[in-house]
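**Q** I need the structure of the sequence given here:
(chains A, B, C and D)
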Protein chains: 4
Amino acid sequence: MNKLKILNDPIYGFITIPNSLIFDLIQHKYFQRLRRITQMGLSYLVYPGAHHTRFHHAIGCVHLMQKTVNVLRFKGVSISKEEETGLYAAILLHDIGHGPFSHAMEHSIVNGVSHERLSLLFMERLNDEFNGSLTLAIEIFKGEYPRKFMCQLISGQFDMDRADYLKRDSFYTGVAEGNINSERLITMLNVVDDELVVEEKGIYSVEKFIIARRFMYWQVYLHKTGLAAEQLLIRTLQRAKELQHKGHKLEASKPLMYFLQNKITLANFNDDTLNIFAALDDFDIISAMKHWQHDTDFVLSHLSTMIINRNLLTIKIKNKPIKNEDLDLHIDSLMRTYGISKTEAQYFVFKGSISNQAYQHNHKGINILHKSGKIEDIVKACDQLNLKALSKAVTKYYICYPKLKS
Amino acid sequence: MNKLKILNDPIYGFITIPNSLIFDLIQHKYFQRLRRITQMGLSYLVYPGAHHTRFHHAIGCVHLMQKTVNVLRFKGVSISKEEETGLYAAILLHDIGHGPFSHAMEHSIVNGVSHERLSLLFMERLNDEFNGSLTLAIEIFKGEYPRKFMCQLISGQFDMDRADYLKRDSFYTGVAEGNINSERLITMLNVVDDELVVEEKGIYSVEKFIIARRFMYWQVYLHKTGLAAEQLLIRTLQRAKELQHKGHKLEASKPLMYFLQNKITLANFNDDTLNIFAALDDFDIISAMKHWQHDTDFVLSHLSTMIINRNLLTIKIKNKPIKNEDLDLHIDSLMRTYGISKTEAQYFVFKGSISNQAYQHNHKGINILHKSGKIEDIVKACDQLNLKALSKAVTKYYICYPKLKS
Amino acid sequence: MNKLKILNDPIYGFITIPNSLIFDLIQHKYFQRLRRITQMGLSYLVYPGAHHTRFHHAIGCVHLMQKTVNVLRFKGVSISKEEETGLYAAILLHDIGHGPFSHAMEHSIVNGVSHERLSLLFMERLNDEFNGSLTLAIEIFKGEYPRKFMCQLISGQFDMDRADYLKRDSFYTGVAEGNINSERLITMLNVVDDELVVEEKGIYSVEKFIIARRFMYWQVYLHKTGLAAEQLLIRTLQRAKELQHKGHKLEASKPLMYFLQNKITLANFNDDTLNIFAALDDFDIISAMKHWQHDTDFVLSHLSTMIINRNLLTIKIKNKPIKNEDLDLHIDSLMRTYGISKTEAQYFVFKGSISNQAYQHNHKGINILHKSGKIEDIVKACDQLNLKALSKAVTKYYICYPKLKS
Amino acid sequence: MNKLKILNDPIYGFITIPNSLIFDLIQHKYFQRLRRITQMGLSYLVYPGAHHTRFHHAIGCVHLMQKTVNVLRFKGVSISKEEETGLYAAILLHDIGHGPFSHAMEHSIVNGVSHERLSLLFMERLNDEFNGSLTLAIEIFKGEYPRKFMCQLISGQFDMDRADYLKRDSFYTGVAEGNINSERLITMLNVVDDELVVEEKGIYSVEKFIIARRFMYWQVYLHKTGLAAEQLLIRTLQRAKELQHKGHKLEASKPLMYFLQNKITLANFNDDTLNIFAALDDFDIISAMKHWQHDTDFVLSHLSTMIINRNLLTIKIKNKPIKNEDLDLHIDSLMRTYGISKTEAQYFVFKGSISNQAYQHNHKGINILHKSGKIEDIVKACDQLNLKALSKAVTKYYICYPKLKS
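**A** Numbering: from 1, shown residues only, chains lettered A, B, ... in the order given. Alright, predicted model coming up:
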């Protein structure tokens, strides 16, 4: 490649593709598929700007990784040409295993197979195809590369994944409070004994990053309307699977049908499964629901229609667990109104909980490098902001039920 | 509605929904459908950020219209409450008739029915449903309302449609050159004898708007890779229609199948057709092509795969018409390589032209209001920038053909 | 005024001047003087973009106040035409009493007269000139107007002053972490029993505001280099005053000379003093120091030259108080090197402390309005972020001394 | 220097100082002086955000030059380490010869000595001080370095000076229309036969740059109110000089007094003059006018007061030359009202012309590199936008006179 391959990016201005391996990986159909998977699932039902894709996010991560490599080298950290490419490939592919509406899928279709595990399967397959040039990237991705900081840049409390997605999601939703200054944080990274550290002057920026992340969780990722939509989606797919197993004939694309019909676990996830999974994206799910609006099953058709027309369930968030009596009230009302069974009504009336831990204060914490050379966890290094409080998970409870016309 | 209904918008910050009619129209499934139609068709294959939808654009237009109403009233232009709502409804719904990949569809499926005509059909249907509250909006939309400036704000050389889409498309593509200062331009609008004018001090801003629009055309809307993608899409749908008519069984959603099977014209576009059309969006098209990748027809499967995997045709842009000999060379080569017929090869090798006229210097031009009270067309009012030159259409020619592996 | 008076603002796009009283106040020479007083004192020595003025800030506050009035009226809060103008005038003039390099002055020249007190003097003078049309504004400014929320919008924990300056200072310094979403916060304001509240959904935005403010304090307002510059400035003016009193003849503009020669307190701050103060701005101070570089006094000339050529003192920040022995070491060294007295050396070697309290948890706290109607302080309303910790002041200690060439 | 020296910049985010020579030049008092010279003179009287300095602009230019060096090297253009530093030093210092309110000075005080000539004098002086390390930079600055593209990057139709100032002035004034995408344009630069070219795909961006520049001229640099202010300033200084020569005693700082008293030309501009010039900045001029407000001379005191209190002359812009009769009318009226002589009145009533040529179509034009390898001037390469029209200078005429109270 003798051309300066450049992509426009509304956030960073321009993104340069660093070398031909990365270029070829991007061209691969496994990666192109990410163009059809939105980064934030159904969040666009709340934030109409949030239609950005995992494709764009992954490339944004590569951009930030290039900045990081430059900064670290400038500071005297040696990073070989092979390691550099390994870092780019690992971050480019870190999310390649995501299915459509990722979390909804994990709770309905590929139960028990995490997207990280799937990413690894994809990377191994691609490694065969690219004659072993991803071996180092895989080692980094698995966290097994001896130089720990490289693994931490792929997956840690401040990794390039978070550095990009917080900024990108903030940008596309228009929720400016989540905007973090990724490029500034990157200039403050350093490496001591092959561990990633943030220089002392970056303490406030790290705090800001933790607070912004927490903000995005409560305000965006756990937004109650988005939550209601996601729960509807999970239930729609569960109902479809159930009906399919009962012999009810459903419309669905071949790849989706495969996952509705078969119980897929990590154990039976073979090469064929991977190829079928690689054919699955948001379009299969939304298209199926568009069909299912007209299905004869009351539950499936109503659930699908609610999502397609954005006529979602009412959702209430509480600080205390929801009582069963509250549920029963709505269930009874629904059974009476529509003449449906309790089991059917429970698809529309349910409870659950959400929880948010802004900072995981553990062995993989963010380390601050003091001018004295001392290294300590941000929780200790920070004088005023009580980060310990932020290390505690906060749980909230929700109940969903339909708006009944009076 | 007694709540301040606010939507986050990455561009304007916040958008307020002005009243309950507009709110209810947005909630309607006809309008929610626009969430599934991208504003820029396949342009995201070139600009990965460009996944914004017609839904978002339409709401952005309402935002700008609110600004305009405020500015004009401030300047003493009387606009009644009914007219205000009419303006909001008309601009909200101006694009509701768009199908998926609008231009591609017009050249393949609903041949000969413009999206403006379809918007009108939708508006009339909604008017029935909303008990006549859209009558004034329809009059404005049709350009028949006696106060001309209202019609010009919906459709003119500087209307709220353009004011939003240029800014929005520039934002999401990351092509900063197309960014126009819509809000500044709006502050310079005024009305004389019920005609829209721009105050003299806005001359340079209008020029800038015209230049930015031209820039976006060449750089984005007519980007050669986007053009190649769109042509592939048109050909894919034409091939599908052709095969369907020949009795070749195709996978497709019901609404799409309807348009593949039937020859729809304005004459036979009845209420049922409208409902089927309303069920059609990007998801039907992309999902169909995902199926068609595996079709037995060489042409259909290859065309579909090229789009899905973004493995597009080579395209060359020339200032002079393409000669047939140039086409034949590529056609012959393709016939030999794949053993296909000339007709089949012509799906992959073809020529065409594109043209761009930055400013239509005619009866609907942009009028400048001089301090003296004199009104003249921007072309005359502008002293230096030769807008007359920009009023001439420029035509370029292109040829597309596949990359053959050597 | 029958014209839409609009100012360009890099932050808000456009600022509209709401009425002719505000327009006339802006035109007044007392207000025009604020064009010559930078908002952030000598911070531009650290952040080269930070040359914005108190003039611009004050007008930005009026812009945000207009947004607030609109939002509150939309929510049914009645605000009369007179109250509206009172709010605009009060916020426009809230900082008019600031002298050049405000804090430096308070510690050197007008010792003991706060800028708030001076703002009030200016407002009263202007009220005479404008025939009493500022009476309501003055009542609001003094916190004596019965409708408390109006006073809180001028001076409170989230007032229009902070809403503008945090955003503006963040913008001009380029320190994105301090950027707050003022306009979003404003949409969440409401009034209950004439007290300002933030609606429940705004909790995270308020937290973000508090954190951003804290960030700006440590990173920008208390930046160590800025601190060293400010201390040099204070000492320069103190030395000048001292020399003047000793009969050493100094160059200085008339207004500056007046304040060097006379001991001004609130008691003797009469109408003439006000007029002389109104003639004083950054230009008097910087110009004087440019002269003083060539003064025969070792201390004055060196201090002045250090600021003018940005050749500042070394400054170290510590978590514990600085010991006198550390000071003495540097003082001795300086005395030996330059053959100066201890008193002289102490102008260049000194210690001090800075402290930052992100949130004042007291009677003027930020109140959250829950959906249930309950009102509670943000510290209690916030579940996870330990705002109590942020209510404690954190103190740091610094030592300054010159870089001696080895 | 083993530290990553980074400056915050509101426009580019961060600016890295490339090496220790550049760092030391920035620290030098000659360069620090640029902190006290605003980039846009008195434009802040029209655009209150425009207080940015020549210091900041010069550093911004270095930032863009670093981008350019990277891009060109990526494309295979060889640039040695010495040449790289030469480019940085040359662009850093290209404006170091600017005096306060540059153009006003050239027309009043240092008549006939251009700032480019003064920059060269400064650079030669600094070259002595830095032991010849600026020799290459000076050669580039003078346009004498054999590799022409380096000279073109310092001074040409698209040089780093323009690339920064258009963007920066647009940013700080808030006039978004002038915003150019400097970084995009830079990615399209290339070098053929040591001449700078823009690659074909950059045609529209170059057009956009030319149009934006033209826009900024009419809207900002030649804004009528800014023009009136600048003319007042020129006349104030001319009057001061005149009075000084007549023996009227004036207050002024030593450096300003030197230039008021002596007739400085290039011939007598020696080392001492340079040092005195280096002590002159905006603060000397504004401070002098603050004194002069109280001068006994009617003309000087009124002119000064008008600027200080922003109570400017009325200015009218016309397409045709102003007639002497129109002037006389205002002059007579002024003479009668204030009982002043015609000569005195002419300080307040005068005419002039302004002219703007968006593109200089000559030997130093912008060359487009076509894919075919052909190189042609943008005027020819551009198909539609009539750049030839933009190459013609447009002249407008103005008249200034005071608002007389009726």
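**Q** contacts, neighbours, all on C-alpha from now
**A** Fine.
**Q** Name the next helix or strand downstream of the lowest-mean-pLDDT helix or strand in chain A, please.
**A** The helix or strand with the lowest mean pLDDT-type score in chain A, counting by mean pLDDT, DSSP states H and E, is helix A:387-391 (a mean of 72). Using DSSP states H and E, the helix or strand that follows helix A:387-391 in sequence is strand A:394-401.
**Q** Okay, strands next: where are they in the stretch 101-250 of chain A?
**A** Taking DSSP state E, counting those that start in this stretch as the criterion, the stretch 101-250 of chain A carries its strands at A:189-192, A:195-199.
**Q** got a markdown table for the ones you listed, with mean neighbour count too?
**A** Below are the strands of the stretch 101-250 of chain A laid out as a markdown table (neighbours: other C-alpha atoms under 10 Å in any protein chain shown):
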| stretch | mean neighbour count |
| --- | --- |
| strand A:189-192 | 19 |
| strand A:195-199 | 22 |
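**Q** just so I know, which of those strands lies nearest chain C?
**A** Distance to chain C, taken as C-alpha to the nearest C-alpha, is lowest for strand A:195-199 among the strands of the stretch 101-250 of chain A, at 14.2 Å.
**Q** Direction included, what does that closest one pair against?
**A** strand A:189-192 (antiparallel), strand A:367-369 (parallel) (DSSP bridges).
**Q** Pull the distance from it to the chain's centre.
**A** Its chain's C-alpha centre lies 25 Å from the corresponding centre of strand A:195-199 when counted by C-alpha atoms, centre = their mean, to the nearest Å.
**Q** re earlier: adding mean pLDDT, write the strands of the stretch 101-250 of chain A out as a markdown table.
**A** Output for those, formatted as a markdown table (pLDDT from 0 to 100):
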| stretch | mean pLDDT |
| --- | --- |
| strand A:189-192 | 96 |
| strand A:195-199 | 95 |
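**Q** With just CA atoms, put the least confident helix or strand of chain A into PDB.
**A** Below are the C-alpha coordinates for helix A:387-391, written out as PDB (Å, rounded to 0.1, in the frame of the first residue of the first chain):
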ATOM      1  CA  LEU A 387     -13.600   7.200  44.400                       C
ATOM      2  CA  LYS A 388     -14.100   4.500  46.900                       C
ATOM      3  CA  ALA A 389     -17.800   5.400  46.900                       C
ATOM      4  CA  LEU A 390     -17.800   5.000  43.200                       C
ATOM      5  CA  SER A 391     -16.300   1.500  43.500                       C
END
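**Q** could you say what helices and strands it packs with?
**A** With contacts defined as 3 or more C-alpha pairs under 8 Å, 6 or more residues apart in numbering or on different chains; DSSP states H and E, there are no secondary structure elements packing on helix A:387-391.
**Q** list the contacts for the residue of the stretch 101-250 of chain A found nearest chain D?
**A** When distances are taken as C-alpha to the nearest C-alpha, the stretch 101-250 of chain A approaches chain D most closely through residue A:184, which lies 7.9 Å from it. With contacts defined as C-alpha atoms under 8 Å, 6 or more residues apart in numbering or on different chains, residue A:184 is in contact with residue D:14.
**Q** Report the separation between it and chain B.
**A** 21 Å (C-alpha to the nearest C-alpha, to the nearest Å).
**Q** what's the spacing between that residue and residue C:134?
**A** In this structure, residue A:184 and residue C:134 are separated by 46 Å, where distance is defined by C-alpha to C-alpha, to the nearest Å.
**Q** Likewise for residue A:301?
**A** 65 Å.
**Q** Give me the more crowded residue out of those two.
**A** Higher neighbour count among residue A:301 and residue C:134: residue C:134, with 24 against 19, using other C-alpha atoms under 10 Å in any protein chain shown.
**Q** Am I right that the more buried one is in contact with residue C:86?
**A** Yes. Between residue C:134 and residue C:86 there is a contact under C-alpha atoms under 8 Å: 6.9 Å.
**Q** The stretch 101-250 of chain A: helices as residue ranges?
**A** All helices of the stretch 101-250 of chain A, identified by DSSP state H, counting those that start in this stretch, fall at A:102-106, A:115-129, A:135-141, A:148-154, A:160-173, A:182-187, A:203-216, A:224-245.
**Q** could you dump these to CSV with mean pLDDT?
**A** Formatted as CSV, the entries for those read as follows, by pLDDT from 0 to 100:
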stretch, mean pLDDT
helix A:102-106, 77
helix A:115-129, 95
helix A:135-141, 98
helix A:148-154, 97
helix A:160-173, 95
helix A:182-187, 89
helix A:203-216, 86
helix A:224-245, 95
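**Q** Indicate which one of those is closest to residue A:62.
**A** Set against residue A:62 and scored by C-alpha to C-alpha, the helices of the stretch 101-250 of chain A come closest in helix A:160-173, at 8.0 Å.
**Q** Can you confirm whether the closest one lies near chain B?
**A** Yes. With C-alpha under 8 Å from any C-alpha of the partner chain as the criterion, chain B is reached by helix A:160-173 at A:171-173.
**Q** How many residues are close by residue A:111?
**A** 15.
**Q** contacting residues for the closest residue to residue A:245 other than its chain neighbours?
**A** For residue A:245, the nearest residue in space outside its immediate sequence neighbours is residue A:261; the separation is 6.8 Å by C-alpha to C-alpha, 6 or more residues apart in numbering or on different chains. If a contact means C-alpha under 8 Å, 6+ apart, then residue A:261 has A:241, A:244-245 as its contacts.
**Q** out of these, who has the most neighbours?
**A** Ranked by neighbour count (other C-alpha under 10 Å), the contacts of residue A:261 have residue A:241 at the top, with 22 neighbours.
**Q** Touching, that one and residue A:263? I think so.
**A** No. The pair formed by residue A:241 and residue A:263 falls short of the contact definition of C-alpha under 8 Å, at 9.8 Å.
**Q** Any idea which residue of the stretch 1-150 of chain A lies closest to chain B?
**A** Counting by C-alpha to the nearest C-alpha, the stretch 1-150 of chain A gets nearest to chain B through residue A:10 (3.9 Å).
**Q** what pLDDT does the nearest residue to that residue once chain neighbours are set aside get?
**A** With C-alpha to C-alpha, 6+ apart as the measure, residue B:174 is the residue that lies nearest to residue A:10, at 3.9 Å, once sequence neighbours are left out. Each residue has a pLDDT score; the one for residue B:174 is 91.
**Q** Buried residues in stretch A:64-71, which are they?
**A** A:64-66, A:68-71 (16 or more other C-alpha atoms under 10 Å in any protein chain shown).
**Q** what about it and chain D, touching?
**A** No. No part of stretch A:64-71 sits close enough to chain D to count as contact by C-alpha under 8 Å from any C-alpha; the gap is at least 8.5 Å.
**Q** Show me where chain A dips below the pLDDT cut-off.
**A** A:1-4, A:361-363, A:383-387, A:405-406 (pLDDT under 70).
**Q** Surely residue A:7 is within a helix?
**A** No. The assignment for residue A:7 by DSSP: H, G, I helix; E, B strand; the rest coil gives strand, which leaves it out of any helix.
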